[in-house]
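Colleague: Dropping a prediction and its sequence here:
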Amino acid sequence: MDDLALLKGVLGKTADLLDGVKQDDWDKPTPCPEYTVKELVGHMVGWSASFEAAANGRRPEDHPSTYQPTGNSAAEFRAATQAMVAGWTANGMDREVSLVGPSVMPAQMVFDRTLIEY
């Protein structure tokens, strides 16, 4: 399995998981002790927008920590991750990208970080 297929599978399974999260669950704890369900959803969806922007050669509009979860967060995650995979497919890894702020880093490093994150 190539890395893009692996990423697509991981992100699809994560999106499926997010589809099952209800707002009634948001105050519950998670395996990450520093996050409630709502905070973890915010973290995951906020970073998906940054990873998507990097994959498509853009600077993220907002810092991932500013994302506030809504009842539409799972759909936002799915849309961002589909665009992310399309961006990596179209643009490749042999370049530099911005993940947060004005600094740049190797695209392969950002791609690898995406796999680690999800």
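Modeller: Perfect, I can see it now.

Colleague: okay, CA-based contacts and neighbour counts for the rest of this
Modeller: Noted.

Colleague: quick one: average pLDDT of stretch 92-111?
Modeller: The pLDDT scores in stretch 92-111 average 94.

Colleague: and that stretch, how far from the chain's centre?
Modeller: From the chain centre to the centre of stretch 92-111 is a distance of 14 Å (Cα atoms, centre = their mean, to the nearest Å).

Colleague: and that stretch, which residues are buried?
Modeller: Neighbour-count burial for stretch 92-111, with 16 or more other Cα atoms under 10 Å as criterion, is recorded at 93, 96-100, 107-108, 110-111.

Colleague: Most widely separated two among those residues?
Modeller: Across those, no pair lies farther apart than M93 and V100, at 17.4 Å, counting by Cα to Cα.

Colleague: okay, which residue is most central for this structure?
Modeller: S48 (2.0 Å; Cα atoms, centre = their mean).

Colleague: which stretch of helix or strand covers that residue?
Modeller: helix 37-55 (DSSP states H and E).

Colleague: I'd like to know which elements that helix is packed against.
Modeller: If you count contacts as 3 or more Cα pairs under 8 Å, 6 or more residues apart in numbering; DSSP states H and E, helix 37-55 packs onto helix 73-91, helix 107-117.

Colleague: Need the winner for burial among those.
Modeller: helix 73-91 (a mean of 19; mean count of other Cα atoms under 10 Å).

Colleague: moving C-terminal of it, what's the next helix or strand?
Modeller: Remark: after helix 73-91, the chain's next helix or strand is strand 96-97, criterion DSSP H and E.
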